[in-house]
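Peer 1: here are the coordinates; sequence isn't available:
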Ligand SMILES: Cc1cc2nc3c(=O)[nH]c(=O)nc-3n(C[C@H](O)[C@H](O)[C@H](O)COP(=O)(O)OP(=O)(O)OC[C@H]3O[C@@H](n4cnc5c(N)ncnc54)[C@H](O)[C@@H]3O)c2cc1C
Ligand SMILES: NC(=O)c1ccc[n+]([C@@H]2O[C@H](COP(=O)([O-])OP(=O)(O)OC[C@H]3O[C@@H](n4cnc5c(N)ncnc54)[C@H](O)[C@@H]3O)[C@@H](O)[C@H]2O)c1
Ligand SMILES: Cc1cc2nc3c(=O)[nH]c(=O)nc-3n(C[C@H](O)[C@H](O)[C@H](O)COP(=O)(O)O)c2cc1C
Ligand SMILES: [Zn+2]
């Protein structure tokens, strides 16, 4: 069980949250301009890092905000959290 | 290789079992091999075995960072079946199931493959439709599959709560009689022993830390026991696939998640078949030792951490007690987790890569134990010929570019 | 401008029944006006407009409420609030707010019929809730005036600490109300909590 | 005397509360305060079970949760409890205790024949044999299965309930021995919130077993006084009978509280157990240590016990576990047992001490009492069958020192800290050479104190406990803990232990020597395992099953580490122990499931019309958590009849459907239209207020994710309908894009699914019904055309009415606030009665939409279907980007032979195709047979008087009219069909426009 630090509500148990996968995968501004390979890279390829991992979480059962958590995926230690606009 | 048999057991028993020799040598790594397999899990060891046995390639090393068989093969719920929906999956899993049927004899190691039958439960009309669709596809693919009513389910597993007013009513289900379970550790040990006997070096406590390439071709591996040159490299590291691939600059469509399982204390026999319910993420069977082995769905977040997750266990056991009311007073003995490598379409990747000589076998996620023999067989073929066997051709990495996914989430739903 | 048509709360007749003290009370508070308010917290003008209508500031501290005689405003998110109005002037409040916020990027949505409030009060309140709520509701952490959206057993709920009886108001979605009520009844049984009737007819 | 081995003084039992339980039917007299084990011992019952593999006779080894042998079955029927430890089960009146794993009786167990062939069935024998003939495996397996297992599962559902509590505290103290009590006391003093849990019924730990004094009073008295103080403190929760069984990440600790009702024969429906889910700020671990057994021949004979357990039985339970004892030790603590025995009048015939010169306080005292001490001596072999009869002593060099008669053989190989919880969370440990065991490294969120920290002296333990309590409280923010003074005790000194693992020289040949008593793992098994290359401790475990029993090797693993290290000539630290995992002691599945079973298994969600449906006789269908009316059979009607009647009613007159479960999201803000443009395949900005449009939502992979109608309420507000199952996922999906990718879009999303109930009126007379129910909305076709919506009142209730249709008929979807929906529903039914209004359920809805070729997401689609595949390519806008668009031009998405939606008509109009059945070009016996696709929906259409089906068929649209075949599922038949346009009824769509 992870305690996820919601930037607004504070640490809460993980079943209040939805995991949203790796952060920092911006949607391409012009998908039509991409090759199939580039599109596949955006769509499917992931770093899936063992260690420091920036990821998206949503406090689904709470404030419904999406935010970013940094976590060590080898130990599940939470290293920090930040909001999308950085000003909660 | 010392032959395992009852007479030999008795003969050596009379001498106090003093002259048994190691099942596999503790090999020291040589500077170079024709083929290096990374990962001494079931798939890696099977690959090495078939390379040596069927393709005559014996200058092979299997490198394992820890003790062999300590990855997912050592922590899975051991369910074996072949009733997959899509043709490509059905063919490779059925091929694998046929290998299972002679595996103990092939390896001269009793892997206790037990075809006790496998049931999938449908709890809703849509699930019933999905199961019917799968049974129909299985039958036309030559895979044994039966669609069962609630009554028939109840006859096969009388302790299943099939009354209509439970929270998860059992509307019906499917049966694959040839499905079952095997003794998971024995599979790793059996392949290791058989591969070793054919000359394969199994190098434990040897972690791969880097992959070297030159001119777009893999040349050697950096390991905690020195550099090892390789003609070809097969990465078969399950949950760690992305980590290894990244050493070669390759990104994979894989996310690693913890998957939980648990066993109860041993009990006298209660029921025979394996029972699975994908809607409530439960699968359960009773082992030959008498414990109930229970599995769950994956933890949502990506993680390589092997600690158990109690919440998942709570959910699973609530569903289990609802489906099997008499289990309520049985006790959980131990729970653990593995790291599973999940592809977006819940199908594996058995494929070459943009780097010549570097091959991947991963993405088996929550369901690769059953594929161990088949996967090793086709991967050995792929490594030996430097091109895929028709059975694994659909499982190439480029399907994520073309979009030709083999989506086993949908109607097949059940992952194990 | 209340409608002549009788309303039905998700827990039906249960709401009128009470258990005798001291064990505690478990009642439904049906038919409050629930308004979901969204606006940009940086829009000072909009904030003022709202305050003029509801009489209090919108709480800006996460997980807190502001309260007037018959209105509670609960923080739901950095740009989201729930207005719980007991005055039965639902339409008026909705219309006034919508009018006041015209021209602002804001939304006021009536969710009154979609949720209900279950009030739990008495010395064992926190013991009952601890059976299904993972939050630390100890008064040192969750004093009167605090609120939190969280899970209660397997339902989402908004908890509001009302007073130090303690009294906790639990706002749940309509279709989850029977489950939550049954769950509270089961958990509260050991503490004497009971809905005396359950004729939801 | 009924309890021949009951001492006539002392003990914590209540001699005024006698009770009787039975063991295998035999009455056993005992007292309140006894465990089943102490009761059995008091009555001279020493044979309590048979071992797992060889079915050897086994007795009680310990007095606690670490026992490898004392597994029994409690009670019978639905309330039976398999595999419970006699050593921790309180004796209660009438309790029925039975042995496990022996047949026909404990004394004469046919399976003990396994003992005869033991030499041929060593660890892992089954891997080497039972392979031929191949087809015999099921037979072998049947035999193995029946030989294995322990107790029996209950034969009926569990009548008990189980409680769950979430708890928070500043300091959780696990273990209420001297260390834990002192820690709790110090922490509580600071005002911190403290929880103190101990698995035993009585707090006190080792103090209850020994004769030591604390603060100048007998240990038990001090424990009682401290407990009294703690229970009076408002900030302390005391939990006896509560085992901490798991320590997870985030410092989540799971406790299982055994309630008094956790007895097989209790009546009523009280809780059987309570699970505490504790999130403490700090943890003090004071779980003590487990005594280590020693190796010698027949070291498993009943009567061979841990020395500390002997003290416990004597001092705590006033039971003499034997009448003449021999002790075998490598440390001082067994001398304490010798003195306890002597005190109780039980002669100690010999103490064999591995150490050449035992000369501490305790050994000296024992010698002074005249107990024969053999230095440098070991037990080589235990004689006796169902009970130990004598111990054969010899020197470390193997020289015989004589055989000493005894019926009790106490062993002590030192103490291994019970660091299980710490280790479960991967807390670091280190090899402590003075203990010859692993001890936890502090830090890592826990404060170890007492024996678990390797501290074996009482005075130091009390100081350490006090310190740990204060430190933990300080770390949680309560800093005045240092004011508490540690309780005092006599400082005694113990001589160091001399590790004794592998019996030297020839001694190791004595057979059999059990390392793991539960799993029947012998020294020879370990040897074999290492010899065969299974060398890693984890390999040894898996190959021999070391530590895999219900006791999880609490006694065996610490011993095995040393033995293996010595066999391999390695440092024990490098050998390690098998990984610790929850549960420390097993926990019942029902307790873990808690309340989430039966009626509270999972929320059942119903609409405001639920009771009306029930009264109307509806049958229900589960759709996710929702329970929806499926069809409304009238007396004597089959499902088929009812659905046919409902279908025709809609097509000919009018039907009414409760469609409240649909998801509804208000999309508000200046950029709402732009937002919809990005998430739907078609265009929205130009939709005029008051109008509705059907939309398709794709995943970024281009596959259909959801569909539904969205209406434009006004300039800046849209109302989106989602499918029932996707209500929550769609909202989450939209929020994710809005918040993470397009924060610049000024859009707010609010779910109104539950506020608005949705009542669908469908059929040619629906307009008349709506008018008759009373509405201020003008209903004439030109005033309120198809695909528009109006706001107004229906039956006096404010309503949003949508002229949309999922049946292809004239239809109104009437949204009203849920608190008045039932009123509106009844008003419509009343108004419609003269017109023959018919309530219909989801099944009829499915038939009607299938007649029109409308898809259901999740039935026609399965996550691999594009809009084009289901013939909705026209909904794909070319002029804008939207989620998933790029994926539609990938090579595989444009293959001409993709599966496409078609209709199928059977040659035999009465034949309804099996849903899920596969479509082939030509039937044949060949397997695998190439498949073209499958039937997604199949019904008998009453209005058409024939069967219809929808199917996904490869390249289907190009081949309409083709002859195909569908396989049946059960009887190997082939049903000939023709493909056709998937719209079977009213293909022009005229009826919905009227
Ligand atoms: C709880 C659980 C239940 C499951 N249940 C089932 C089931 O019922 N049926 C089924 O079919 N499947 C099941 N699976 C899935 C199945 O276990 C896996 O798909 C399969 O075992 C993976 O293949 P493997 O055995 O080769 O992997 P592994 O055994 O994980 O082998 C990979 C090896 O690579 C090694 N490695 C990793 N990194 C390095 C490195 N850098 N250098 C050297 N070596 C490295 C690892 O140590 C490991 O030994 C389950 C999995 C889990 C976790
Ligand atoms: N060599 C020796 O003579 C020797 C050996 C061992 C202990 N001792 C003496 O005993 C003292 C030990 O005191 P202590 O307080 O450390 O240990 P203790 O054994 O007195 O107390 C430990 C307590 O923890 C409980 N416990 C263990 N695991 C638990 C779990 N998972 N959940 C709940 N409860 C659990 C046990 O029931 C027990 O009551 C030593 O300091 C010493 O004085 C002496
Ligand atoms: C099919 C299966 C059966 C198991 N049965 C037992 C068992 O009877 N007793 C036991 O202690 N562990 C059992 N285990 C769990 C293992 O002890 C171990 O926890 C698991 O393989 C994961 O390894 P780890 O705990 O060392 O990480 C079983 C595991 C599997 C996969
Ligand atoms: Zn939050």
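Peer 2: It's in. As the structure is a prediction and not an experimental result, all values here were calculated from the model. Ligands and ions are numbered 1, 2, ... in the order given.
Peer 1: just checking, residue D:164 is part of a strand?
Peer 2: Yes - membership of residue D:164 in a strand is supported by DSSP: H, G, I helix; E, B strand; the rest coil.
Peer 1: who's in contact with it?
Peer 2: By Cβ atoms under 8 Å, 6 or more residues apart in numbering or on different chains, the contact list for residue D:164 reads C:131, C:132, D:274, D:275, D:277, D:594, D:595. Placement of C-beta: from N, CA and C, glycine included.
Peer 1: Does the last one belong to a helix, a strand or coil?
Peer 2: For residue D:595, the secondary structure call by three-state DSSP comes out as coil.
Peer 1: For it, give its distance to chain C.
Peer 2: 6 Å (Cβ to the nearest Cβ, to the nearest Å).
Peer 1: Show me the domain layout of chain D.
Peer 2: Listed by automatic domain parsing, the domain ranges of chain D are D:1-157, D:162-289+D:417-475, D:320-407, D:500-593, D:611-661+D:755-848, D:663-751, D:895-993.
Peer 1: between those, which one is nearest to ligand 1?
Peer 2: Taking Cβ to the nearest ligand atom, domain D:500-593 is the member of these nearest to ligand 1, at 11.4 Å.
Peer 1: Spell out whether that closest one and chain A are in contact.
Peer 2: No - legend: contact between domain D:500-593 and chain A by Cβ under 8 Å from any Cβ of the partner chain is lacking; minimum distance shown is 12.3 Å.
Peer 1: name the element the most centrally placed residue in chain C belongs to?
Peer 2: Centroid-nearest residue in chain C: residue C:171, 4.1 Å away (criterion: Cα atoms, centre = their mean). Here residue C:171 sits within strand C:167-173, counting by DSSP states H and E.
Peer 1: of the contacts of residue D:164, closest to ligand 4?
Peer 2: Closest approach to ligand 4 among the contacts of residue D:164 (Cβ to the ion): residue C:132, at 19.2 Å.
Peer 1: How about the contacts made by that closest one?
Peer 2: C:151, C:152, C:153, C:183, C:187, D:164, D:166, D:595.
Peer 1: Which of those sits closest to ligand 3?
Peer 2: When the contacts of residue C:132 are compared against ligand 3 (criterion: Cβ to the nearest ligand atom), the nearest one is residue D:164, at 24.9 Å.
Peer 1: Nearest residue to that closest one in space, please, no chain neighbours.
Peer 2: residue D:594 (3.8 Å; Cβ to Cβ, 6 or more residues apart in numbering or on different chains).
Peer 1: go on, residue C:113?
Peer 2: Once flanking residues are discounted, residue C:113 sits nearest to residue D:817: 3.6 Å by Cβ to Cβ, 6+ apart.
Peer 1: mind checking how far the residue in the stretch 651-800 of chain D that chain A sits nearest to is from residue D:670?
Peer 2: When distances are taken as Cβ to the nearest Cβ, the stretch 651-800 of chain D reaches nearest to chain A at residue D:739, 4.3 Å away. For residue D:739, the distance to residue D:670 (Cβ to Cβ, to the nearest Å) stands at 17 Å.
Peer 1: Compare those two (neighbour count), which wins?
Peer 2: residue D:739 (21 against 12; other Cβ atoms under 10 Å in any protein chain shown).
Peer 1: ends of stretch D:697-711, how far apart?
Peer 2: End-to-end distance of stretch D:697-711: 15 Å, with Cα to Cα, to the nearest Å as the criterion.
Peer 1: Now do it, average pLDDT.
Peer 2: Throughout stretch D:697-711, pLDDT has a mean value of 97.
Peer 1: Stretch B:251-258 now?
Peer 2: 97.
Peer 1: and if you look at stretch B:107-120?
Peer 2: 97.
Peer 1: Figure out how far that stretch is from the centre of its chain.
Peer 2: 13 Å (Cα atoms, centre = their mean, to the nearest Å).
Peer 1: Is that stretch positioned near ligand 3?
Peer 2: No - interface with ligand 3: stretch B:107-120 contributes nothing (Cβ under 6 Å from any ligand atom), its closest point being 10.7 Å away.
Peer 1: so, in contact with ligand 1 or not, that stretch?
Peer 2: No - Stretch B:107-120 is not in contact with ligand 1 by Cβ under 6 Å from any ligand atom; minimum separation 10.0 Å.
Peer 1: so where is chain D shaky, pLDDT-wise?
Peer 2: Residues of chain D meeting the criterion pLDDT under 70: D:1, D:260-271.
Peer 1: what about the longest helix in it?
Peer 2: When chain D is parsed with DSSP state H, its longest helix is helix D:458-475.
Peer 1: returning to what we had before: who are the neighbours in contact with the residue nearest to residue C:113?
Peer 2: C:110, C:112, C:113, D:755, D:756, D:757, D:797, D:798.
Peer 1: so which of these is the most crowded?
Peer 2: residue D:757 (29 neighbours).
Peer 1: Can you list the strands that the helix or strand harbouring residue D:172 pairs with?
Peer 2: Using DSSP H and E, residue D:172 sits in strand D:161-174. Sheet pairing for strand D:161-174, assigned by DSSP bridges, gives strand D:194-197 (parallel), strand D:271-285 (parallel).
Peer 1: What are the contacting residues of the helix or strand that the shortest one is followed by?
Peer 2: Under the assignment DSSP H and E, the closest C-terminal helix or strand after strand D:194-197 is strand D:213-214. With Cβ under 8 Å, 6+ apart as the test, strand D:213-214 has contacts from D:178, D:207, D:219, D:222, D:223, D:458, D:462, D:487, D:488, D:489, D:490.
Peer 1: how about stretch D:470-485, does it get close to chain C?
Peer 2: No - Stretch D:470-485 stays clear of chain C (Cβ under 8 Å from any Cβ), getting no nearer than 11.1 Å.
Peer 1: Which parts of that stretch count as buried, going by neighbours?
Peer 2: Buried positions in stretch D:470-485, judged by neighbour count with 16 or more other Cβ atoms under 10 Å in any protein chain shown: D:470, D:471, D:472, D:473, D:474, D:475, D:476, D:478, D:481, D:484.
Peer 1: hmm, back to that, please name the residues that touch the residue nearest to the centre of chain C.
Peer 2: Applying Cβ under 8 Å, 6+ apart, we find residue C:171 in contact with C:34, C:82, C:84, C:115, C:116, C:117, C:157, C:158, C:159, C:160.
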